[in-house]
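A.B. asks: Next come a sequence and a model predicted from it.
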4 protein chains.
Amino acid sequence: MTTKKRVAVIGASGYAGAEVVRLISGHPHVSLSLLTSRQYAGQSYDNVFPAFTGRIDLSCETFSSDDAIQKADIFFLALPHKASMRIAAPLLEAGKKVIDLSADFRFKNQSMYEKYYQPHEYPQLLKKAVYGLCEINKKQISTADLIGNPGCYPTSILLPLIPLLREKLVDLTGIIADSKSGVSGAGRSPSLGTLYCEVNEGFKAYKVAEHRHEPEMNENLSLAAGENVQILFVPHLVPMSRGIVSTIYAKTQTNEMELRECLQAAYDTCPFVRVLPDGRLPNASHVRGTNYCDIGLKYSKEKEIAVLVSTIDNLIKGAAGQAVQNMNIMMGFSETDGIDAIPFPV
Amino acid sequence: MTTKKRVAVIGASGYAGAEVVRLISGHPHVSLSLLTSRQYAGQSYDNVFPAFTGRIDLSCETFSSDDAIQKADIFFLALPHKASMRIAAPLLEAGKKVIDLSADFRFKNQSMYEKYYQPHEYPQLLKKAVYGLCEINKKQISTADLIGNPGCYPTSILLPLIPLLREKLVDLTGIIADSKSGVSGAGRSPSLGTLYCEVNEGFKAYKVAEHRHEPEMNENLSLAAGENVQILFVPHLVPMSRGIVSTIYAKTQTNEMELRECLQAAYDTCPFVRVLPDGRLPNASHVRGTNYCDIGLKYSKEKEIAVLVSTIDNLIKGAAGQAVQNMNIMMGFSETDGIDAIPFPV
Amino acid sequence: MTTKKRVAVIGASGYAGAEVVRLISGHPHVSLSLLTSRQYAGQSYDNVFPAFTGRIDLSCETFSSDDAIQKADIFFLALPHKASMRIAAPLLEAGKKVIDLSADFRFKNQSMYEKYYQPHEYPQLLKKAVYGLCEINKKQISTADLIGNPGCYPTSILLPLIPLLREKLVDLTGIIADSKSGVSGAGRSPSLGTLYCEVNEGFKAYKVAEHRHEPEMNENLSLAAGENVQILFVPHLVPMSRGIVSTIYAKTQTNEMELRECLQAAYDTCPFVRVLPDGRLPNASHVRGTNYCDIGLKYSKEKEIAVLVSTIDNLIKGAAGQAVQNMNIMMGFSETDGIDAIPFPV
Amino acid sequence: MTTKKRVAVIGASGYAGAEVVRLISGHPHVSLSLLTSRQYAGQSYDNVFPAFTGRIDLSCETFSSDDAIQKADIFFLALPHKASMRIAAPLLEAGKKVIDLSADFRFKNQSMYEKYYQPHEYPQLLKKAVYGLCEINKKQISTADLIGNPGCYPTSILLPLIPLLREKLVDLTGIIADSKSGVSGAGRSPSLGTLYCEVNEGFKAYKVAEHRHEPEMNENLSLAAGENVQILFVPHLVPMSRGIVSTIYAKTQTNEMELRECLQAAYDTCPFVRVLPDGRLPNASHVRGTNYCDIGLKYSKEKEIAVLVSTIDNLIKGAAGQAVQNMNIMMGFSETDGIDAIPFPV
């Protein structure tokens, strides 16, 4: 019997970190060995997340490179942008596998990262990093040491669009993505905008055409298309905890069947993408708690516009679940290990 | 002292009907004299809506033309499509004012109505009817006897678009309206799709490019533009009770200031349209319970797309409130009588 | 024509303060003249609460006694405990009317206040202050200069219990109040516990038998009973923005009709208390947005327990609405001026 | 390798049935072989519950005894009361294991069942049936053929009370259970009372002291106490999909530590009951999606009342999860097989 690989979650007190902890604790081939949190250092983890009482025995520790290198083989970084890059470097040097949930390693184009975030202190690592959109980059992921885990919005938008762009089935210009996200995407730090009473019974657009996920999408869409693609991205906040629905509009003169068959072919062997049959459209509630991305579509022949609708759980396929999927691919585990939950019926 | 005009609400047991009842009961110049409901006939109205206990003393009656003509001067019809047209005819003949909340009198183009609804039995009334989008058709409304009160989605989409189309500030082709509605728009009849557990923590698109409000919008947009306009309309369901947010995408080479000034000029004297300043975007919660339509906008110079975001309370400006506003205009009352509620801060 | 009295809201950036602002702005006999907020000083008020755009023109100011005394006649203090007492003193000295929404002037028993809050710096004002439970203390309120506006939970519990205690219809020992509150009661300051994701799809008890509203209730229940009453109070948090439901259990050997008649007699002439008929129980949604307190009841003959169920909107009858009701009584206005909203049907 | 036992879910189109389907589909030792639904007969199951797309391949069938006996070994009945007893009889005769989620086999006392439900047509089966409250009746369950799976409210109330009654730690008279349930407990049949808009932003008590779960509790509490116990039970409806919180009040002169130790001792070896430490209280969100029952408590020395607070997911520990737990015990599987999900952190 082989020893299980040891997993560290760095930044375990946010929602994404906690979801990594939950998924890893149910994983057949790895075990949790280190949880870090600056804010909760010294506290038992089930004090931070009482739901985990009786299931997670660890306490939160302060991060230290040397200590971390001793304690774990695989690292999930669930930290704010910038903190991640600094922590990743020594871990990689020590031969560790690193899956980073921040934006620090998502970009190939350093200047694009720097335009939307801050100066990158480890540009050489950008070359090493693989963008962890599993269904698209599976091969490179399988040999990677460093993963830039995709943003939640980009995951929901890239998965339906990339196959169509590759096959030149939609126009490259004028693509619009109108996305709607649950509140957990904003994280666990208290802020006025995410208070219950401020969100409940409300709905709003925010950061219209200026969200930092837009360049992340554009880089990957351009790669898929083989030429420059610039979509317009408008996010909205939905009064629900989890889930993203993206409604994507693309000009095209094809037809619905061709579009659907392209997507079905692209994801035929992918366990987590469900291309819905004619007449069915996705619902955020149908993927909640799971690593699925559901995609439905409708073609308006009259207006020559394809409407793609996709949904994911932003904390799972949009963050922690895809991170574990990346680990599974990197480590040669079954792709669904630890992330094969069946959605609730309601 | 003049006698107050008497108001009948025909179909008072649905959400829109109940909102008319509530608004009329607080109106300074009219009084409720008749409430009808087939389902609840004979029951006291506060048994149907216990919130009204101590405030509305009437009971639900079965509708009869003769009786209704005796009992009221102004009629709000909050009935399903088709039922409305049959009831409206004799009331109009008896010289009554009729404000119909169904789609039966919204269309000028009879064949368009018949394509999306059913054969129209009173086509001559279509000519008589005025489309009750108050800010746009105020003058015709002031002399009308029969109002086709606009649909909720169309109200939220026509108000931001019409001034821009009139001024030729946006392209007529390729306009997309991505709308999100609370659940009350689906009415009060029990159905699986509007059960709490089916809606809560979910979000979905429905009737993509095939909702019956699309032709209603197109007829009115085309009138404003002076030529044929066909937008693509995609509605979504939000887990909240009230509110619609419409995010509208239109190609244009203008700039944000020009767009905002056009809207501000158009609605300068309109008490219920608030064009938000630069940097502010609407939130459904900011208009809840009121007759406001808030409009914000953002222009993407890079993509040459104007993003208009509007919000209304679907039961008020999208139904009962606009109906009362129509009555106010028809009767020569102050436009804000009975519908001047200030939104809740939260 | 007489000049309208000028109203100041001190601490206008919290939920209760904002509700006072909203209600006062629709009041026929007073007008807003001063809004203060330390945090938002200098900002236009509709920047803090965008819902008020176009309706409230004032900006937030920093509080200064001298300035405030010049600018207003009636003061609503919506501040944290302790801040209130310090601000009230000079205002009262200057002959102003003060309605305080904090706990600082709710207690007759100074030591009880000090046990649960902090040392009281103006004990002589406690004697001057009237506990503003309008239906119970109307007479004293009418001549008061300083009102301690009741807590939200106490309002919901005192109104159903006091008439029964006065008439000795229930046992004085063993009374239990199991209350459930919406989230707005926790205020507008960002905190982990009131984040959307922490509240949504959850339900919990908190501060079991140790909430500071318990002594406030006990003081007033004891006054009503003419002897010491100590109830057990357990609050819970409900995933909704507004509303409190209190389920109260009291031993008694009477019957349902007698209990109901006692309550009906007590509140016969009170516009804001609705004692529901047999077979009807209150729902928080039926009073939302209004100053009503609805009371229903059921008697279990077998267990000799009366179950009283009451509901209020915690921000209105539980805070801002009752504060305005107090002002109306103090100033000799009609009791319902500015607070006569009819509840939404849904 | 042994063949997996085959499981039938009779009445698979309700929420509880669907949860049984979900849990069984992830169970290591059994497999789904038959799903029945009168309403959806002939439809693929993922058409009824689209969340299951790609995970459940079966279609809904009409129930027929003969066919069912051929197709499955273990039967979960998720049917309305009365329908269950008629279906159970022939299955038991054919030697099948039957776990019934209705009330038909929950009572030992036939007349009590008949008082609250209807005449029992198979009274002899009542003797055979075991009340499937797993932690309490584990031994009898292990040899049972027929399980009356407990009601959701009773599960949440019996688990905290039974150990205390057995040890005579609380008074037998005057116990009050104030319970709050999410909406899924009301089932999936469309009804006005469970529409989104009727539930959202509301909270209410219902069936005060007359809910049919009260006699079910009383029978089992009396068994535990060895004498007659009659509690007062008041249920409430919470705007959330899943979850029950019961706040239970019992007179006692003991202390908090003794109460907690009694519960900890009783559930020491039970994987699904978490007795929380001093200072922690349960939250419905901490058990959502799992088979846990969390119990917290607080003792008021001054009032001599113990306040017990328990929470379960009404569809899992309150229905489907406990049903699977019963199957596990009956079949000699590990008690946690298929129901060991870790709660979401949020």
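C.D. replies: Nice, I can see it.
A.B. asks: Not counting its neighbours along the chain, what's nearest the residue in chain A sticking out farthest from the centre?
C.D. replies: Using CA atoms, centre = their mean, the residue of chain A lying farthest from its centre is residue A:302. It sits 34.8 Å away. The shortest distance from residue A:302 to any non-neighbouring residue, by CB to CB, 6 or more residues apart in numbering or on different chains, is to residue B:230 (7.0 Å). From N, CA and C alone the C-beta is placed, and that goes for glycine too.
A.B. asks: OK, contacts around the one you found?
C.D. replies: Shown in contact with residue B:230 (CB atoms under 8 Å, 6 or more residues apart in numbering or on different chains): A:302, A:303, B:173, B:218.
A.B. asks: Report the buried members of these.
C.D. replies: A:303, B:218 (16 or more other CB atoms under 10 Å in any protein chain shown).
A.B. asks: And what about residue A:22, helix, strand or coil?
C.D. replies: Secondary structure for residue A:22, judged by DSSP: H, G, I helix; E, B strand; the rest coil, is helix.
A.B. asks: got the contact list for it?
C.D. replies: By CB under 8 Å, 6+ apart, the neighbours of residue A:22 are A:52, A:320, D:342, D:344, D:345.
A.B. asks: Filter the residues you listed down to the ones in strands?
C.D. replies: In strands, judged by DSSP state E, none of those are found.
A.B. asks: and the residue nearest to residue A:302, that one's in a strand?
C.D. replies: No. Counting by three-state DSSP, residue B:230 is located in no strand; its state is coil.
A.B. asks: quick one: it from residue B:244, how far?
C.D. replies: Distance of residue B:230 to residue B:244, given as CB to CB, to the nearest Å: 21 Å.
A.B. asks: what's the answer for residue A:34, then?
C.D. replies: Distance from residue A:34 to residue B:244, by CB to CB: 48 Å.
A.B. asks: Who has more neighbours out of those two?
C.D. replies: A count of neighbours by other CB atoms under 10 Å in any protein chain shown puts residue B:244 above the other of residue A:34 and residue B:244, at 29 against 20.
A.B. asks: Specify the beta-bridge partners of that one.
C.D. replies: Under DSSP bridges, the beta-bridge partners of residue B:244 are residue B:181, residue B:312.
A.B. asks: That one and residue B:182 touch, don't they?
C.D. replies: Yes. Counting by CB atoms under 8 Å, residue B:244 does reach residue B:182; the two are 7.1 Å apart.
A.B. asks: intersection of neighbour lists for the two?
C.D. replies: B:284, B:314.
A.B. asks: what's residue A:276 in contact with, if anything?
C.D. replies: By CB under 8 Å, 6+ apart, the neighbours of residue A:276 are A:282, A:294, A:295, A:296, D:53.
A.B. asks: so who does the first one touch?
C.D. replies: With CB under 8 Å, 6+ apart as the criterion, the residues that contact residue A:282 are A:245, A:276, A:294, A:295, A:296, A:309, A:310, A:311, B:204, B:205.
A.B. asks: Show me those that map onto strands.
C.D. replies: In strands, defined here by DSSP E, the members of the contacts of residue A:282 are A:245, A:294, A:295, A:296, A:309, A:310, A:311, B:204, B:205.
A.B. asks: Among the residues you listed, which pair sits farthest apart?
C.D. replies: Maximum pairwise distance among the ones in strands among the contacts of residue A:282 (CB to CB): 13.1 Å, between A:295 and B:204.
A.B. asks: quick one, which of those two is more surrounded?
C.D. replies: More neighbours surround residue A:295 than the other of residue A:295 and residue B:204, with 28 against 22 (other CB under 10 Å).
A.B. asks: thinking again about what came up before, go through the contacts of residue A:282 and say which is closest to residue C:75.
C.D. replies: Out of the contacts of residue A:282, the member with the shortest distance to residue C:75 (by CB to CB) is residue A:245, at 47.8 Å.
A.B. asks: residues in contact with that closest one?
C.D. replies: Residue A:245 neighbours (CB under 8 Å, 6+ apart): A:156, A:179-180, A:238, A:282-284, A:309-311, B:203-205, B:236.
A.B. asks: same thing with residue A:79?
C.D. replies: A:10, A:11, A:87, A:101, A:102.
A.B. asks: Quick check: the residue of the stretch 51-200 of chain A nearest chain C.
C.D. replies: residue A:190 (3.8 Å; CB to the nearest CB).
A.B. asks: repeat for the stretch 1-150 of chain A
C.D. replies: For the stretch 1-150 of chain A, CB to the nearest CB, closest residue to chain C: residue A:15, 7.1 Å.
A.B. asks: burial of that residue, as a residue count?
C.D. replies: So residue A:15, with other CB under 10 Å, has 25 neighbours.
A.B. asks: is the longest helix along chain A up against chain D anywhere?
C.D. replies: Counting by DSSP state H, the longest helix found in chain A is helix A:152-166. No. Applying CB under 8 Å from any CB of the partner chain, one finds helix A:152-166 separated from chain D by no less than 14.7 Å.
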